[in-house]
Structure formats: C-alpha cells, structure tokens
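Trainee: Build me a structure from this.
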Amino acid sequence: MHIVLLEAFTWTNLLQPQWYIENGGLWLLLFVVFAETGLFVGFFLPGDSLLFVAGIYAHEITTKTGEVKPGLAYQFLDLIGMGSISTEWVDLLVLLGLISFFGVLGNSVGYWTGRKVGPAMYTWKDRFLFKKKYLYQANEFYQKYGRVAIIGARFLPFIRTFAPIIAGIVQMDRKKFHFFNIVGSIAWVFSMLFSGYFLQKWILKQFDFDLKDHLELIVLGIVLVTTAPVLIKIFSRTKKPPTNPLPPNPAITDPTIKDSNS
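Mentor: From the prediction side, this is the model:
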C-alpha cells in the first residue's frame, strides 16, 4: 500500500489541502496546522485553504468512488469511544477545539524558539539578509501593535509562520502573546472552518453546485484572496526616510567644539 502511495505522490500534492485529508485525515491535518503556525520550515504548507476544506469534510467525507464516510471529527470521537454522539454541530465544535489547540501550540513553539535564539541575534554582525536595525524596528512595532501582529498574522500566509518567532526574538511580553495567540487561533479557525461548512451547504442548496467537485478552484481563490494583501504591500512599498534618524555629530555641526586630540 505504501508503495502505491509513493508512486502516486508528487510534490505538488503538498499544496493541495484535499490531499492531506484524503491520505492522513484528522491527524495529518492537525500536524500541518501545528507545523504551518510554529515551525520555520512549515511556511509553504496550506493553512486557510486547508481549514476551509476541513469545514466541508467536517461531518461527512465523500470518497472518489462515491462512498460516504463519517467526517474528520468522527475520527477523534471514535477514538475516545464517543462516536455515537456525532452530529453536525458536535463535529464542528470538536474540530474547532482541536484545530485551535494545535494552532495555539504551534505559535507557542515558534515564540519559545524565538526567545531562545533572540538574545544571541543582538550580537550578530550585519549581513546581506540580516541587519541589527531590523530587530529594533521589530521590537518597536510589537510594542505598539503586538495585538494586531499576532491576531492579524493568523489570516496572512507566510507571515503566520514567522510572526510568533519574531515576537519571541524581540521578547514580547509572555502574557500578552499567549492571550492574543489564543484569541487569534480561535478566530482564524472559526472563520475558515465554519465558512467552509456552511458555504458548501448554502451553495449546494441554492444553486445545486457542489464545492467538493471544484476544490482546486476554491483553493486557488482562497490563496489569491489571502495572499493579495501581502503581495500588494511588497510591490507597492517605497523607500521612506528613517523616522528616527541618528543625531548629527556635534563636533561637525558646532564649530566651537574642538577635537580633543588637537
């Protein structure tokens, strides 16, 4: 079986949310959420689109052969001997709790990693991709907008992975971070999960259009919508003069000050 899976696998599968659900179910979904929100190497994994598709398959999973099986949440309920209580709302709430927990856990690991490596980074020499001034700028930003950075980053691909790490590097207050981490994770999971589930039901009822048959287009649309703000910011950014320029050398600006060596 594993040989067949390896033969069918291509690297593009890693960008397809349905592939994780079809081949790993709930457990692979939870691992991806953890890795994508907390591990440096998880930035390329699907996030928003994965949760949206998870909402579609929360209660029922229809295989390619047309077989209808219990949804993602049932895998957990059955494990703890409570499969009999599975309903639409129970399944959604169970998924909300599980995915939110792993989202919080992932961000916490990223924050802890940042706090461990952060102090040493202030002693690094400037390089092509690293400038010490970036650390001070990030620290100032998190002091002013830490709430927006942690909660808002949940809804932005790529940034979602690095925001908690940077928060740890600049030593953001632990209590504030963990509070906004929990709020952001629940808000992110709730919006994506419930949107997937109820939008699928509404569109199917109103237009007889099954989103499950067009997941590639749905995923592409979600990726475009969520990455658009990041791309616009990158390509529209222009150089601005520093807000806090270094003070001028008084020995140069004031001719009355003599060089001590003269």
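
Trainee: gap between residue 66 and residue 213?
Mentor: 12 Å (C-beta to C-beta, to the nearest Å). Backbone N, C-alpha and C define where each C-beta goes, glycine included.

Trainee: scratch that, residue 191 is what I was asking about
Mentor: Plainly put, residue 191 is 24 Å away from residue 213 if you go by C-beta to C-beta.

Trainee: For this structure, just list every one of the helices.
Mentor: Along the chain, counting by DSSP state H, helices occupy 2-8, 17-38, 48-56, 72-79, 88-121, 132-152, 159-169, 174-207, 215-236, 250-253.

Trainee: any idea which of these is most buried?
Mentor: Comparing those by mean neighbour count (mean count of other C-beta atoms under 10 Å), helix 48-56 ranks first with a mean of 26.

Trainee: quick one: that one to helix 72-79, angle?
Mentor: Between helix 48-56 and helix 72-79, the angle comes out at 60 degrees (axes from the mean of the first three to the mean of the last three C-alpha atoms, to 10 degrees).

Trainee: any idea which residue sits dead centre in the chain?
Mentor: Among the residues of the chain, the one closest to the centroid is residue 160, at 3.6 Å (C-alpha atoms, centre = their mean).

Trainee: I'd say that one and residue 47 touch.
Mentor: Yes: in this structure, residue 160 is within contact of residue 47 by C-beta atoms under 8 Å, at 6.1 Å.

Trainee: Could you tell me which residues touch both of these two?
Mentor: 36, 37 (C-beta atoms under 8 Å, 6 or more residues apart in numbering).

Trainee: Where does pLDDT dip in the stretch 51-200 of the chain?
Mentor: For the stretch 51-200 of the chain, the stretches flagged by pLDDT under 70 are 64, 129.

Trainee: picking up where we left off before, between residue 66 and residue 213, which is the more surrounded one?
Mentor: Neighbour count, other C-beta atoms under 10 Å: between residue 66 and residue 213, residue 213 has more, with 10 against 6.

Trainee: which outside residues touch stretch 211-230?
Mentor: With contacts defined as C-beta under 8 Å, 6+ apart, stretch 211-230 is touched by 16-18, 46, 48-49, 52-53, 56, 62, 155-159, 199-200, 203-204.

Trainee: oh, I was asking about stretch 41-52
Mentor: With C-beta under 8 Å, 6+ apart as the criterion, stretch 41-52 contacts 14-17, 20, 29, 32-33, 35-37, 99, 106, 155, 157-158, 160-162, 188-189, 192-193, 195-196, 218-219, 222-223, 226.

Trainee: One more pass at 6 Å, please.
Mentor: Stretch 41-52 has contacts (C-beta atoms under 6 Å, 6 or more residues apart in numbering) with 17, 32, 35, 36, 158, 161, 192, 193, 196, 219, 222, 226.

Trainee: What's the separation between the second one and residue 52?
Mentor: Taking C-beta to C-beta as the measure, residue 32 and residue 52 are separated by 13 Å.

Trainee: The residue nearest to the centre of the chain is in contact with residue 153, isn't it?
Mentor: Yes: between residue 160 and residue 153 there is a contact at 5.2 Å, judged by C-beta atoms under 6 Å.

Trainee: Using TSV, please lay out the contacts of stretch 41-52 together with distance to residue 77.
Mentor: Output for the contacts of stretch 41-52, formatted as TSV (distance: C-beta to C-beta, whole Å):
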residue	distance to residue 77
17	22
32	20
35	24
36	24
158	34
161	30
192	21
193	16
196	19
219	27
222	27
226	30
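
Trainee: Looking at those, spot the one nearest residue 179.
Mentor: residue 161 (20.3 Å; C-beta to C-beta).

Trainee: Would you list the phi and psi of the nearest residue in space to residue 204 that is not next to it in sequence?
Mentor: The shortest distance from residue 204 to any non-neighbouring residue, by C-beta to C-beta, 6 or more residues apart in numbering, is to residue 210 (5.6 Å). Main-chain torsions, residue 210, degrees, to the nearest 10: phi -90, psi 110.
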